[in-house]
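S.K.: Here is my input; please provide its structure:
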Amino acid sequence: MKNRYESVFEGIKLQEHQTLLNRIYTQLYIIEGENEGVNEEHEVLQMEKSYKTLQDTPVNCNDIFDPSPEPGYEEKRREKKEEIKTVLTKGIAGIGKTISVQKFILDWAEGKANQDVDFMFVLPFRELNLIKDHQYNLHRLLLDFHPELQDLDSKIYDKCTVVFIFDGLDESRITLMFSDSEKVSDVSETSSVGVLMSNLLKGDLLPSAFIWITTRPAAASQIPSKYINRVTEIQGFNDPQKEEYFRKRISDEHQASRIISHIRRARSLHIMCHIPVFCWISATVLQNILKQDLSAEIPQTLTEMYIHFLLIQINMRNQKYEERDPEKLLQSNRDVIVKLAELAFNQLMKGNVMFYEEDLRESGIDVTDASVYSGICTEIFREEAVIYHRKVYSFVHLSFQEFSAALYVFFCYLHKNSEVLNIFLTGKSRTQCGNVSLDVILKGAMNEALNSKTGHLDLFLRFLHGISLESNQRVLQDLLIHTENNPESIKKIIQNLKRGQKNNVSPERWMNLTHCLIEMKNNSVVEEVQMFLKSKAKSKSLSLAQCSTLANMILMSEEVMDELDFMKYNIKSKEGRWRLIPAVRNCRKALLANCKLTEQHFEIVASALQSSNSPLRELDLSNNDLQDSGVKLLCAGLKSPNCQLNILRFGFHIDSVMLMFKYSSLSRMFKKKNGIWSHLDFFEVCSIMFIKLIKKSYLQKKIYIYIFKLFKLYIIYIILNPLSKTLSLSTMAPLRHQIATVIIS
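M.R.: Residues are numbered from 1 along each chain as shown. Model prediction:
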């Protein structure tokens with residue numbers, strides 16, 4: 001195990017890229033819990049907004065099965081009589097999940113940690129996929145993955161401390177079944193791989209075993225929460241860790257300092273560097289540029305960074321050939337790049353990040369030539385030999401797959417490939433594909449991305465707009481064969497991004513259009529918003545695009561906003577207010593009264609309450625009709641252990657009040673670890689029904705009710721400890737339209 005895991009490979013697994021893990025390993029930020037709630041964003045973009053809130057007590061990867069150091073945590077475990085046996089670690093692509101697993105194993109193998117463990121078995125899903133249709137008993141399966149244990153007695157598992165590591169649940173093509181219909185409890189009993197794994201996770205098979213699963217966030221729900229004892233999340237590098245990585249990676253101290261300085265200035269690049277793989281891409285590109293020309297223009301956008309990375313990697317692998325010019329090399333390898341880009345696009349549309357031989361054939365890649373493809377593009381396209389000497393393939397990172405997919409669509413536009421373009425076209429445009437302008441194609445792609453509920457096409461859309469910029473086309477000219485410079489079309493593209501109008505679209509999708517403008521180096525909307533914020537008299541109202549841009553600026557700011565108040569920005573339309581809703585993630589006080597919020601917007605608010613280190617302390621939702629779905633979402637947010645809300649105001653109809661009591665336990669929602677009392681204000685509530693509900697549900701609770709009488713500006717208050725029969729309905733009836741503040745200790 002030590003020999004297998006002591007080295008890492010940045011890029012493809014070639015001997016010259018091998019580095020000792022202990023030499024370059026930088027501690028990753030792993031936190032207890034997770035960013036909960038409905039995820040309506042591309043995972044990379046979601047992490048952009050949460051990276052700056054890294055304030056939790058981190059969990060060392062070697063302590064993944066140990067109780068949290070948080071005060072009272074061990075006591076809670078004892079009360080529940082729980083042992084941490086099964087851990088689920090979430091993290092976006094390239095954030096360091098597999099590296100954390102590798103470090104965990106290496107430290108155990110070297111005798112540095114977890115010496116009470118007798119065996120560690122690593123079963124990556126990418127390899128298990130290759131044998132998903134085979135029949136195994138658990139003992140035989142483990143021996144196939146670890147042939148060195150051939151002489152192991154199958155009875156030894158029950159006598160030893162065993163850790164199973166299932167890496168990459170998101171790559172799984174195996175159906176996990178958690179019903180009792182196929183129960184396996186004996187290591188010698190034969191069944192399908194999916195059934196064996198399901199029984200391990202349920203605890204029916206080897207109940208004494210410890211299990212660690214890693215996954216991207218979207219796939220985490222495949223395992224029911226009742227089978228998970230602990231959830232952790234890898235949030236990548238915080239700011240000091242980013243700098244530490246660059247200084248370890250770049251031996252020239254002056255060059256490292258210059259690169260760090262540039263990354264800090266380019267805000268979008270600095271945020272992306274919380275992803276270790278992006279740090280590596282940035283270091284590779286910037287080192288190469290600075291070596292060649294100290295005065296060279298350094299990439300400012302993601303598209304520019306990835307184009308440079310593509311050129312550099314092709315050039316590096318082809319140094320042995322006579323031709324050294326990177327653009328001519330790109331031309332000679334055009335067929336390979338286009339085929340890989342086609343593969344990237346086809347699999348992105350299917351949601352796959354790991355590919356097998358059948359996937360390659362589908363994109364016209366002969367599997368016998370796959371090694372040639374990965375050889376030409378060593379750091380872009382990976383080929384990995386796994387169990388039974390079978391091979392799996394992937395791009396270096398999900399974001400590079402998305403870049404390649406965008407490159408393929410643009411190539412198809414220039415070469416009039418109607419089959420691909422028709423995916424983004426509707427109506428008459430489909431029949432006139434050969435004559436459709438670029439702005440029509442990009443508008444179709446924009447609409448496709450806006451329709452996505454998860455935002456899986458957001459980065460793809462950014463790259464597609466970035467590649468459309470003529471300066472970027474020129475760099476890729478030998479690949480694209482020819483370029484297009486149509487100022488009128490570019491003007492329409494920018495107008496489409498600014499004027500986006502579509503019903504039932506998440507505000508997160510609209511915000512991504514601001515990033516598309518940045519990739520096109522168009523900062524007009526940002527400048528307009530900045531001028532608006534500087535002006536004292538805000539007589540004009542912000543446009544919808546400006547509202548999305550303002551929301552993005554608030555989220556990208558290093559400072560937490562004190563108060564989000566739509567009245568300050570003179571935003572009168574409900575659509576404009578809706579565009580600003582995502583900004584609740586980076587403010588202490590959010591005044592969202594009279595916004596006519598829908599279920600979609602309550603999902604964002606609930607997500608903000610559930611996010612790790614949420615700064616939100618006060619929330620005003622007065623005069624919004626939550627309905628059944630909104631109340632459910634809000635209650636889920638309030639119950640989250642991450643929720644730090646102190647004050648919550650509503651303008652409820654009686655139906656909404658009843659729903660609050662139906663779906664929640666107020667005492668549970670507002671019980672704070674730090675003992676701070678929380679306020680729940682109800683406006684315009686039918687007091688009779690309200691008191692009936694309280695008396696029915698909270699007779700034994702210690703509840704203080706302060707009733708403030710508005711007219712004549714004096715206060716009437718009643719203290720109940722606990723609620724008693726002295727509280728009469730006749731006393732409460734006249735106060736029907738006044739404010740009731742419930743404080744629950």
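
S.K.: show me where the stretch 401-550 of the chain has helices.
M.R.: Along the stretch 401-550 of the chain, counting by DSSP state H, counting those that start in this stretch, helices occupy 418-421, 428-431, 438-450, 458-467, 470-475, 477-480, 487-499, 507-519, 524-534, 544-556.

S.K.: wait, which of those helices is closest to Ser221?
M.R.: Ranking those by their distance to Ser221 (criterion: CB to CB) puts helix 507-519 first, at 19.3 Å. No exception for glycine: its C-beta is placed from N, CA and C like everyone else's.

S.K.: what packs against the closest one?
M.R.: helix 43-50, helix 438-450, helix 458-467, helix 487-499, helix 524-534, helix 544-556, helix 574-580, helix 599-610 (3 or more CB pairs under 8 Å, 6 or more residues apart in numbering; DSSP states H and E).

S.K.: With just CA atoms, put it into CSV.
M.R.: Once side chains and other backbone atoms are set aside, the C-alpha atoms of helix 507-519 remain, and they are given as CSV (Å, rounded to 0.1, in the frame of the first residue of the first chain):
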residue,chain,number,x,y,z
PRO,A,507,-31.8,33.8,-10.3
GLU,A,508,-28.6,31.7,-10.2
ARG,A,509,-28.9,31.1,-13.9
TRP,A,510,-29.3,34.8,-14.6
MET,A,511,-26.2,35.6,-12.6
ASN,A,512,-24.1,33.3,-14.8
LEU,A,513,-24.9,35.6,-17.7
THR,A,514,-22.8,38.3,-16.0
HIS,A,515,-19.9,35.9,-16.0
CYS,A,516,-20.4,35.3,-19.7
LEU,A,517,-20.1,39.0,-20.3
ILE,A,518,-16.8,39.0,-18.3
GLU,A,519,-15.5,36.1,-20.5
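
S.K.: In terms of pLDDT, where does the nearest residue to Ala296 once chain neighbours are set aside sit?
M.R.: With CB to CB, 6 or more residues apart in numbering as the criterion, Ala296 has its nearest non-adjacent residue at 5.1 Å, and that residue is Ile289. If you check Ile289, the pLDDT there is 89.

S.K.: Now for Ile289, which secondary structure element holds it?
M.R.: Take DSSP states H and E as the rule and Ile289 turns out to sit in helix 276-292.

S.K.: For Glu362, which non-adjacent residue is closest in space?
M.R.: Residue nearest to Glu362 in three dimensions, not counting chain neighbours: Asn346, with 6.4 Å by CB to CB, 6+ apart.

S.K.: Just to check, the one you found is in contact with Gly364?
M.R.: No - with the criterion set as CB atoms under 8 Å, Asn346 and Gly364 do not qualify as a contacting pair; they are 10.1 Å apart.

S.K.: Neighbour count for the two, which is higher?
M.R.: When Asn346 and Gly364 are compared for neighbours, Asn346 comes out ahead with 17 against 11, by other CB atoms under 10 Å.

S.K.: Kindly indicate whether the more buried one is helix, strand or coil.
M.R.: Per DSSP: H, G, I helix; E, B strand; the rest coil, the secondary structure class of Asn346 is helix.

S.K.: so what's it up against?
M.R.: For Asn346, the contact set (CB atoms under 8 Å, 6 or more residues apart in numbering) comprises Asp359, Glu362, Ser363.

S.K.: Can you show me the helices along the stretch 151-300 of the chain?
M.R.: Listed in chain order (using DSSP H, counting those that start in this stretch), the helices of the stretch 151-300 of the chain are 193-202, 239-249, 253-265, 267-272, 276-292.

S.K.: For Ile581, which of the ones you listed is the nearest?
M.R.: Proximity to Ile581 (CB to CB) singles out helix 267-272 among the helices of the stretch 151-300 of the chain, at 20.8 Å.

S.K.: Show me what counts as buried in the closest one.
M.R.: Within helix 267-272, the residues scored as buried using 16 or more other CB atoms under 10 Å are Ser268, Leu269, His270, Ile271, Met272.

S.K.: do stretch 593-613 as well
M.R.: In terms of neighbour count (16+ other CB under 10 Å), stretch 593-613 has its buried residues at 593-595, 597-598, 600-612.

S.K.: Repeat that for stretch 297-316.
M.R.: 298-316.

S.K.: For that stretch, output the C-alpha coordinates as CSV.
M.R.: Once non-C-alpha atoms are left out, stretch 297-316 reads as follows in CSV (Å, rounded to 0.1, in the frame of the first residue of the first chain):
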residue,chain,number,x,y,z
GLU,A,297,0.0,39.6,-21.3
ILE,A,298,-1.2,37.3,-18.6
PRO,A,299,-4.6,35.6,-18.9
GLN,A,300,-7.4,37.4,-17.2
THR,A,301,-10.4,35.1,-17.9
LEU,A,302,-11.0,31.4,-17.5
THR,A,303,-11.3,31.0,-21.3
GLU,A,304,-7.8,32.5,-21.8
MET,A,305,-6.3,30.4,-19.1
TYR,A,306,-7.7,27.2,-20.5
ILE,A,307,-6.7,28.0,-24.1
HIS,A,308,-3.1,28.6,-22.9
PHE,A,309,-3.2,25.4,-21.0
LEU,A,310,-4.3,23.5,-24.1
LEU,A,311,-1.5,24.9,-26.2
ILE,A,312,1.2,24.3,-23.5
GLN,A,313,0.2,20.7,-22.9
ILE,A,314,0.3,19.8,-26.6
ASN,A,315,3.7,21.5,-26.9
MET,A,316,5.1,19.7,-23.9
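
S.K.: tell me how far it is from the chain's mean position?
M.R.: In terms of CA atoms, centre = their mean, to the nearest Å, the centre of stretch 297-316 is set 24 Å apart from its chain centre.

S.K.: Stretch 270-288 now?
M.R.: Its chain's average C-alpha position is 18 Å from that of stretch 270-288, according to CA atoms, centre = their mean.

S.K.: pLDDT weak spots in the stretch 401-550 of the chain?
M.R.: Judged against pLDDT under 70, the low-scoring parts of the stretch 401-550 of the chain cover residues 431-434, 501-503, 536-539.

S.K.: and this protein, what are its domains?
M.R.: According to the TED database, the chain comprises the domains 1-70+82-235, 328-385+388-498, 543-669, 681-744.

S.K.: Turn those into JSON lines, columns for distance to Ile260.
M.R.: Formatted as JSON lines, the domains of the chain follow (distance: least, CB to CB, whole Å):
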{"stretch": "domain 1-70+82-235", "distance to Ile260": "14"}
{"stretch": "domain 328-385+388-498", "distance to Ile260": "21"}
{"stretch": "domain 543-669", "distance to Ile260": "16"}
{"stretch": "domain 681-744", "distance to Ile260": "47"}
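
S.K.: Relative to Arg509, which of the ones you listed is closest?
M.R.: Comparing those against Arg509 with CB to CB, the closest turns out to be domain 328-385+388-498 (4.7 Å).

S.K.: Just give me how far that closest one sits from the chain centre.
M.R.: Here domain 328-385+388-498 shows a centroid-to-chain-centroid distance of 22 Å under the convention CA atoms, centre = their mean.

S.K.: for stretch 201-219, same thing?
M.R.: 21 Å.

S.K.: Burial check on Leu459, number of neighbours?
M.R.: Leu459 has 25 neighbouring residues, counting by other CB under 10 Å.

S.K.: how far away is it from Phe411?
M.R.: 18 Å (CB to CB, to the nearest Å).

S.K.: where in the stretch 151-300 of the chain is pLDDT low?
M.R.: Scanning the stretch 151-300 of the chain for pLDDT under 70 picks out the ranges 294-295.

S.K.: do the stretch 551-700 of the chain as well
M.R.: If you take pLDDT under 70 as the line, the stretch 551-700 of the chain has these spans: 651-700.

S.K.: Show me where it has its strands.
M.R.: Taking DSSP state E, counting those that start in this stretch to define them, one finds strands in the stretch 551-700 of the chain at 561-565, 587-591, 618-621, 647-650, 678-682.

S.K.: Out of those strands, which gets nearest to Arg579?
M.R.: Nearest to Arg579, of all those, is strand 561-565, at 12.4 Å by CB to CB.

S.K.: and the angle for that closest one with helix 544-556?
M.R.: On the basis of axes from the mean of the first three to the mean of the last three CA atoms, to 10 degrees, strand 561-565 is oriented at 160 degrees to helix 544-556.
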